[in-house]
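Trainee: got a sequence here, can you build the structure:
(2 chains)
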Amino acid sequence: MSKKQWFFAIFVVLAGMVIVFAPLPVHATAPTQRTFRVEASQYTYSPAILKVNPGDIISIELISTDVVHGLYVDEYGISVTADPGQTARLTFTADKPGSFRFRCNVTCGALHPFMIGKLQVGPNTWLWRASGLTVLAALAILILRPSPPKAQVT
Amino acid sequence: MRSDLTRFPFVKSLLKNRWPQFLVWFVMLAGFLFAILSGFFGTPVGNRNFGIVFVWIAWWAVLILVAVPFFGRGWCSVCPIPLPGEWLQRGAIMNPPGKKPRWFNLRWPNKLRNIWLQNLTFTLVALFSSVILTTPKVTSIVLAAMLFLAIGMSIVFERRTFCRYLCPVGGFIGLYAQAAPMELRVKNKQVCLACKDKPCYNGSEAGYGCPWDVFPGGLTKNTYCGLCMECLRTCPYDNISVNTRPFSADLSKPSGRMDEAFKAFIMLGAAMIYAGVLLGPWGKIKLAAYSVGSLSWFGYTAVFLAFIFGLLPALFLGAVGIGKVLTKSTLALKQSFTAFATAIVPLGLMFWVAFSLSFVLTNAAYIFSSLSDPFGWGWDLFGTAAISWQPYLTSLLLPLQTGVLVGGLLWTARTTQKVGSKVNISPIPVIIFSTVVTLTMLGLLL
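Mentor: Numbering: from 1, shown residues only, chains lettered A, B, ... in the order given. Down below sits the predicted model:
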């Protein structure tokens, strides 16, 4: 690699670090109490995507319409179990921003391991950062290409 | 850049001696048969059944996260599926019996000497995967069918025809083995040319002729070498080496085969569909994929097939076509398409790694309980039956998946540039295609 290319490579690494670690502007909103009524049936949650703001106090009312289902929120490490026809409540503060899967934690049938929903606390910043990294990587390799194609021989 | 592992006497004797491989085979075969039994006689609850948990979580994790990326066809060298058929075909378990093969010993038809059938068998397994992955009895039926099919084909045809032309797993292992940093090659091709009897292919008293129907002297890529080590045993000139090498060494030689090109698209597309269907929050699509025979399942099947065999290759073909226009290339579109398809092999492999990380880390806890209670009969063999489910390392999942996918894109983009310079076609549109599918995969996983 030439000196110029080395400088460019260092620039790309620094840009990548900025994309991954730079703090993003926070649109602060006053925490509110939010209640979601989530119906669980084999093998789906309805609604399956819950969007809240960081700091909100979330109350999930889990209602199972067929067999016993659970709801475990990844990284929050909290869960609730609902018997058929019964309502179970899970209350917590959404103090971790990002996108998290929630999933059934009570064996409920064949597709149980894939009974999954999504809790989005604020914007899905990790997806934006990852997308930025992807585009940066593609641009970097296009600019750092080894040599242009030679003239067609055949 | 290559380092011959057989120069170490210990490694060489480990690979040449039949016993170490046989012991691993024995354990694998016992585990495989046990998995079949547990599916038939154990609990119908998938995540409590040894067959489901050990095949689709433990084995799959080892295969896709370790074995394929680092050892290529390393799994094929210890796979238990072809063993009973091969033993029957040879009339021996260990050393060559010194007589002609039994049974019909037919050659596989020339028209089928490609991986289209493997593309078909993988697609079939993929279409029914929501049921296969989750229903112990169905998993057992599929595993037993593979075992009996391998036995039947060993009786009718020569060598390992099942592995080479039909195994749904072997097809994609062969594809991704090209990217692995390990290979079996000859040390000096001139030695092979001068060799009269070609015992590596025809067999000798020292060992069997290549079960994979490959002449090692002609090996240029990993795709069809099953790393069974027979040629290491039979070569009278000590001309076989097992090398470590840089990742993706084979991918610098673009493929010219449409069956291999489509294998790359089937794998890339299937990883994306699995990420959306199995790991996404859309319950109706999960149910459609699971309800085999229903109208919604036919709809799912149509979308699955259209995406894998239609949309993805069509977009890729468009990208290759634009690249041709940009560089005014006169190379046939078909050749350009198959050449560039080689470049998406690393991306497909990394898609599978990213998908599997999520699937494996969130379900690995089931391994402990099913190990102690493999049939779900209330046993507690190792005191781990009561370990409750919880996902592992979910805080690392997003950074890991991002790293894997971005790394996969870089790897594929670099390979695309190499292919582009070989065929004198601009790689830029294919790199843009790879970027778009990577962004889509990120959207599905994150």
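Trainee: I figured residue A:97 hits residue A:124, correct?
Mentor: No - Residue A:97 is beyond contact range of residue A:124, at 9.3 Å (criterion: CB atoms under 8 Å). Placement of C-beta: from N, CA and C, glycine included.
Trainee: okay, now the domains of chain A?
Mentor: Domain assignment for chain A, taken from automatic domain parsing, gives A:3-25+A:128-144, A:33-122.
Trainee: number of residues surrounding the residue of chain A found nearest chain B?
Mentor: Taking CB to the nearest CB, chain B has its nearest neighbour within chain A at residue A:44, 2.1 Å off. Residue A:44 has 23 neighbouring residues, counting by other CB atoms under 10 Å in any protein chain shown.
Trainee: so for it, what's the nearest residue that isn't a sequence neighbour?
Mentor: Distance criterion CB to CB, 6 or more residues apart in numbering or on different chains; nearest residue to residue A:44, sequence neighbours excluded, is residue B:283 at 2.1 Å.
Trainee: test my guess that that neighbour contacts residue A:47.
Mentor: No - between residue B:283 and residue A:47 there is no contact under CB under 8 Å: 10.4 Å.
Trainee: quick one: low-confidence ranges for the chain?
Mentor: By default, I'm working from chain A. Scanning chain A with the threshold set as pLDDT under 70 gives A:146-154.
Trainee: let's do chain B instead
Mentor: In chain B, residues with pLDDT under 70: B:97-101.
Trainee: in it, what residue is nearest chain A?
Mentor: Using CB to the nearest CB, the point where chain B gets nearest to chain A is residue B:283, with a distance of 2.1 Å.
Trainee: which ones are touching the nearest residue to residue B:29 once chain neighbours are set aside?
Mentor: Here the nearest residue to residue B:29 in space, its sequence neighbours aside, is residue B:80; by CB to CB, 6+ apart that works out to 3.8 Å. Residue B:80 makes contact with B:25, B:28-29, B:31-32 under the criterion CB atoms under 8 Å, 6 or more residues apart in numbering or on different chains.
Trainee: three-state assignment of the residue nearest to the spatial centre of chain A?
Mentor: Centroid-nearest residue in chain A, with CA atoms, centre = their mean: residue A:99, separated by 2.7 Å. Per DSSP: H, G, I helix; E, B strand; the rest coil, the secondary structure class of residue A:99 is strand.
Trainee: quick one: the strands in the chain?
Mentor: Going with chain A. A:33-41, A:44-46, A:49-52, A:57-64, A:69-73, A:78-82, A:87-93, A:98-103, A:116-121 (DSSP state E).
Trainee: oops, chain B please
Mentor: Taking DSSP E to define them, one finds strands in chain B at B:3-4, B:182-186, B:240-244.
Trainee: re earlier: wait, the residue of chain A closest to chain B touches residue A:112, no?
Mentor: No - with contact defined as CB under 8 Å, residue A:44 does not reach residue A:112; the gap is 11.6 Å.
Trainee: what is the longest helix of chain B by residue count?
Mentor: Using DSSP state H, we find that the single longest helix of chain B is helix B:394-423.
Trainee: buried by neighbour count: which residues of that helix qualify?
Mentor: Residues of helix B:394-423 classed as buried by neighbour count (16 or more other CB atoms under 10 Å in any protein chain shown): B:394, B:397-398, B:400-402, B:404-421, B:423.
Trainee: so which of these reach chain A?
Mentor: B:394, B:398, B:402, B:405-406, B:409-410, B:413-414, B:417, B:420-421 (CB under 8 Å from any CB of the partner chain).
Trainee: residue nearest the centroid of chain B?
Mentor: residue B:173 (2.1 Å).
Trainee: okay, now the residue nearest to residue A:44: neighbour count?
Mentor: 21.
Trainee: out of the strands of chain B, which is closest to residue B:204?
Mentor: Taking CB to CB, strand B:240-244 is the member of the strands of chain B nearest to residue B:204, at 13.4 Å.
Trainee: get me the contact residues on the stretch 301-446 of chain B for chain A.
Mentor: With the criterion set to CB under 8 Å from any CB, the stretch 301-446 of chain B comes near chain A through B:327-331, B:362-363, B:389-391, B:394-395, B:398, B:402, B:405-406, B:409-410, B:413-414, B:417, B:420-421, B:424-428, B:431-432, B:434-435, B:438-439, B:442-443, B:446.
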